[in-house]
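> Got a predicted structure plus its sequence, pasted below:
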Amino acid sequence: DSAEASSSVVFENIERCTPNCLQMLLENISGLTVDDDFTVELIPEINVAVATFIKNIDTKEFVEKCSQHKRVREFKMTAWLLELTQSIKAENLPESISSDYLTVYFESPRNGGGPVSDVQLFPEENSAIITFCDHKGNS
């Protein structure tokens, strides 16, 4: 288990809170500004949002504040730290994609990547699992 905390926090059960409301709520709790200090990605298919902090904050403390916050409780949302992982799944890939291309793409610092240790292609799903040498390469 890494001593380093994730910079991303998952919010579950977000359907009762509009995207703008969620952003304002997170600004109120954190004292930070959306876009400048953190981003929010909505994943409506699974009723989840992920806040990723650009500014270095104590995300464990932030999760604790969220779980005690009156509005978060009223919306019946839950928050937890996004688990640090070394692998990601890339989907909707072109049929002709090669593992070499994916390795070079995901190792590019411009794409937020890092050293790749393995690429598993799944042509029948047009997807791949990319495994990084450490969890810092998959941001």
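Noted; the coordinates are in hand. Residues are numbered from 1 along each chain as shown.

> Could I get the pLDDT score of the residue lying closest to Thr52 once chain neighbours are set aside?
Excluding the flanking residues, the one nearest Thr52 by CB to CB, 6 or more residues apart in numbering is Ser8, at 4.5 Å. C-beta coordinates here come from the backbone N, C-alpha and C atoms, glycine included. At Ser8, the model reports a pLDDT of 93.

> cool, and Glu83?
85.

> how far away is it from Ser6?
Distance check for Glu83 against Ser6: by CB to CB, to the nearest Å, it reads 7 Å.

> more crowded one of the two?
Higher neighbour count among Glu83 and Ser6: Ser6, with 19 against 10, using other CB atoms under 10 Å.

> Partner strands of the helix or strand bottoming out on mean pLDDT in the chain, with direction?
Lowest on mean pLDDT, DSSP states H and E among the helices and strands of the chain sits strand 87-90, with a mean of 91. Strand 87-90 sits in its sheet next to strand 127-132 (antiparallel), going by DSSP bridges.

> Any idea how far the longest helix along the chain is from the middle of the chain?
Criterion DSSP state H: the longest helix present in the chain is helix 19-30. Its chain's average C-alpha position is 17 Å from that of helix 19-30, according to CA atoms, centre = their mean, to the nearest Å.

> contact partners of that helix?
Under the criterion CB atoms under 8 Å, 6 or more residues apart in numbering, residues 11, 14, 17, 32-34, 37-38, 40, 42, 49, 51, 53, 57, 62, 65-66, 69, 71-72 lie in contact with helix 19-30.

> Which of the residues you listed are buried, as a ChimeraX select command?
Applying 16 or more other CB atoms under 10 Å to those, the buried members can be selected in ChimeraX as follows:
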select :11,14,17,32,34,37,38,40,49,51,53,57,62,66,69,72
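
> Just the contacts of helix 19-30: which are in helices?
62, 65-66, 71-72.

> farthest pair in those?
Greatest spacing in the ones in helices among the contacts of helix 19-30, by CB to CB: Phe62 and Arg71 (14.7 Å).
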